[in-house]
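Q: Following is a predicted model, sequence given first.
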Amino acid sequence: MGLLDFLLSKKMKKRKIATEIGLESGLFIMCPVCHDITEAADPSSLRPATESLVQELIQQGDPRLNLFGRDATDIIETVAQVGRELPYRCNCHQI
């Protein structure tokens, strides 16, 4: 978490952590130009990797997951919700 994260609501913090997990698992991609985050081209093939990463983070005792009560289902659902709200794709490659 960052320095000013105390200003964020619990829901906003959960979404931020879910985005980090999506990026770590490869489910989300960050544009190298604008740093906008979009979902991977074939997200269905990366969902098992995301679920596996969540289980691994829970086993390692990652402190970011305390906000979710270490509930894998809640984490995975939040990652999926963030993915549904991301833009379809970044337009920087068309510039």
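A: Here it is on my side, so go on. Residues are numbered from 1 along each chain as shown.
Q: In its sheet, which strands sit next to the worst-scoring helix or strand of the chain on mean pLDDT, and in what direction?
A: Ranking every helix and strand in the chain by mean pLDDT, DSSP states H and E puts strand 37-39 at the bottom, with a mean of 89. The strands beside strand 37-39 in its sheet (DSSP bridges) come out as strand 28-30 (antiparallel).
Q: Quick check: which ranges of this structure have low pLDDT?
A: Residues of the chain that meet the criterion pLDDT under 70 lie in 1-3, 93-95.
Q: that older thread, for the next helix or strand after the least confident helix or strand of the chain, which helices and strands make contact with it?
A: Later in the chain than strand 37-39, the nearest helix or strand by DSSP states H and E is helix 43-60. Helices and strands touching helix 43-60, by 3 or more Cβ pairs under 8 Å, 6 or more residues apart in numbering; DSSP states H and E, are helix 10-25, helix 72-85. Placement of C-beta: from N, CA and C, glycine included.
Q: Export helix 43-60 to PDB, keeping only CA atoms.
A: What follows is helix 43-60, C-alpha atoms only, in PDB (Å, rounded to 0.1, in the frame of the first residue of the first chain):
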ATOM      1  CA  PRO A  43      -8.300 -13.900 -20.100                       C
ATOM      2  CA  SER A  44     -10.100 -17.200 -19.700                       C
ATOM      3  CA  SER A  45      -6.800 -19.100 -20.200                       C
ATOM      4  CA  LEU A  46      -5.200 -17.000 -17.400                       C
ATOM      5  CA  ARG A  47      -7.900 -17.300 -14.800                       C
ATOM      6  CA  PRO A  48      -6.500 -20.700 -13.400                       C
ATOM      7  CA  ALA A  49      -3.100 -19.000 -13.000                       C
ATOM      8  CA  THR A  50      -4.700 -16.100 -11.100                       C
ATOM      9  CA  GLU A  51      -6.600 -18.500  -8.800                       C
ATOM     10  CA  SER A  52      -3.300 -20.400  -8.200                       C
ATOM     11  CA  LEU A  53      -1.500 -17.200  -7.400                       C
ATOM     12  CA  VAL A  54      -4.200 -16.300  -4.900                       C
ATOM     13  CA  GLN A  55      -3.900 -19.600  -3.200                       C
ATOM     14  CA  GLU A  56      -0.100 -19.200  -3.100                       C
ATOM     15  CA  LEU A  57      -0.400 -15.700  -1.600                       C
ATOM     16  CA  ILE A  58      -2.700 -17.000   1.100                       C
ATOM     17  CA  GLN A  59      -0.300 -19.800   2.000                       C
ATOM     18  CA  GLN A  60       2.600 -17.400   2.100                       C
END
